[in-house]
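J.: Structure of the sequence below:
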Amino acid sequence: MSQSPTSPDSPIGSTPEDIPHWIEHVFEMWIFASRWIQAPLYGGLILAEVLYSMHGNF
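T.: Numbering: from 1, shown residues only. Below you'll find the model as predicted:
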């Protein structure tokens with residue numbers, strides 16, 4: 001008994017209809033993982049802003 005290409009237990013990307021879903025999934029994972037790159041950058045910007053504002057008070 002063979003599986004139909006649209007059966008629920010077929011692997012992701014096995015049909016042309018699943019390819020956009022697979023691309024969307026990869027894009028979501030990439031965006032979610034990039035938060036670890038963004039966090040130190042924003043932390044550094046906040047620290048620079050605090051130091052800049054404190055320097056103006058002297």
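J.: Restrict whichever strand or helix holds residue 53 to CA atoms and write it as PDB.
T.: For residue 53, the element it lies in under DSSP states H and E is helix 35-55. What follows is helix 35-55 as a C-alpha-only set of coordinates in PDB (Å, rounded to 0.1, in the frame of the first residue of the first chain):
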ATOM      1  CA  ARG A  35      17.700  37.300  18.400                       C
ATOM      2  CA  TRP A  36      21.000  36.100  19.900                       C
ATOM      3  CA  ILE A  37      22.900  38.300  17.400                       C
ATOM      4  CA  GLN A  38      20.500  41.300  18.000                       C
ATOM      5  CA  ALA A  39      20.500  41.200  21.800                       C
ATOM      6  CA  PRO A  40      24.200  42.100  22.300                       C
ATOM      7  CA  LEU A  41      23.900  44.800  19.700                       C
ATOM      8  CA  TYR A  42      20.900  46.500  21.400                       C
ATOM      9  CA  GLY A  43      22.500  46.000  24.800                       C
ATOM     10  CA  GLY A  44      25.600  47.800  23.500                       C
ATOM     11  CA  LEU A  45      23.500  50.600  22.000                       C
ATOM     12  CA  ILE A  46      21.700  51.100  25.400                       C
ATOM     13  CA  LEU A  47      25.000  51.200  27.200                       C
ATOM     14  CA  ALA A  48      26.400  53.700  24.800                       C
ATOM     15  CA  GLU A  49      23.400  55.900  25.200                       C
ATOM     16  CA  VAL A  50      23.600  55.700  29.000                       C
ATOM     17  CA  LEU A  51      27.400  56.600  28.900                       C
ATOM     18  CA  TYR A  52      26.700  59.400  26.500                       C
ATOM     19  CA  SER A  53      24.000  60.900  28.600                       C
ATOM     20  CA  MET A  54      26.100  60.600  31.800                       C
ATOM     21  CA  HIS A  55      29.000  62.400  30.100                       C
END
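J.: how close does residue 32 sit to residue 38?
T.: Distance, residue 32 to residue 38, using Cβ to Cβ, to the nearest Å: 11 Å. To be clear about C-beta, it is placed using only N, CA and C from the backbone, and glycine gets the same treatment.
J.: show me the contacts for residue 24.
T.: By Cβ atoms under 8 Å, 6 or more residues apart in numbering, the contact list for residue 24 is empty.
J.: No further queries at this time; thank you.
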